[in-house]
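Colleague: Next comes the sequence, and after it the predicted model I'd like to discuss.
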Amino acid sequence: MSRLFAEVYLDEDVDVAIAYILRARGFGAVTARDAGRLSGTDPEQLAYAVEQQTTLLSHNRADYEALHRQYLEEGRSHWGIIIAVQRRRYEIVVKLIDIIDRLTADELRDQLLYI
């Protein structure tokens, strides 16, 4: 079954206010804090996002690029990883909503995108 809008899981490096703004605009967003996953390693955070079928949002470019490559090399799948450059939260939200509006959850699968 195809899902229209991706839900986003924000690792603990991302400002929780981004999740509040997304929710206020009708998008699904969960933070590591909401999920009780603070202090989890990056592999644990991505595994949780996969389990929940959510797209992961992080500022941690290097680690998640490596995890993305590892998943693909091992034939594993994820629901998308979006790397956000550190900038004002509103700018991140605008760019993130643009992606969620253009790509379905299924189209984000196994993608590594940058905002």
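Modeller: Looks like it arrived, so ask away.
Colleague: Only C-alpha atoms from now on, for both contacts and neighbour counts.
Modeller: Fine.
Colleague: Burial check on residue 115, number of neighbours?
Modeller: 18 (other Cα atoms under 10 Å).
Colleague: Would you list the phi and psi of the closest residue to it other than its chain neighbours?
Modeller: Using Cα to Cα, 6 or more residues apart in numbering and skipping the chain neighbours, the partner closest in space to residue 115 is residue 84 (4.7 Å). Taking degrees, to the nearest 10, you get phi -110, psi 130 for the backbone angles of residue 84.
Colleague: Give me the most central residue, the protein.
Modeller: For the chain, the residue sitting closest to the mean C-alpha position, by Cα atoms, centre = their mean, is residue 56 at 1.9 Å.
Colleague: That residue - that's part of a strand, no?
Modeller: Yes - Residue 56 forms part of a strand when assessed by DSSP: H, G, I helix; E, B strand; the rest coil.
Colleague: Any idea what residue 57 is bridged to?
Modeller: Partner residues in beta bridges with residue 57: residue 10, residue 82, with DSSP bridges as the criterion.
Colleague: Could you measure from residue 115 over to residue 59?
Modeller: Distance of residue 115 to residue 59, given as Cα to Cα, to the nearest Å: 10 Å.
Colleague: rewinding a little: can I assume the residue nearest to residue 115 is in contact with residue 57?
Modeller: Yes - using Cα atoms under 8 Å as the test, residue 84 is close enough to residue 57 to be in contact (7.1 Å).
Colleague: Comparing the two, which shows the higher neighbour count?
Modeller: Set side by side, residue 84 and residue 57 show more neighbours around residue 57, with 27 against 20, by other Cα under 10 Å.
Colleague: My guess is that one contacts residue 9. True?
Modeller: Yes - the pair residue 57 and residue 9 qualifies as a contact (Cα under 8 Å) at a distance of 6.0 Å.
Colleague: The helix or strand harbouring residue 69 packs against which elements?
Modeller: Here residue 69 sits within helix 61-73, counting by DSSP states H and E. Contacts of helix 61-73 with other secondary structure elements, assessed using 3 or more Cα pairs under 8 Å, 6 or more residues apart in numbering; DSSP states H and E, are made with helix 42-52, strand 81-83.
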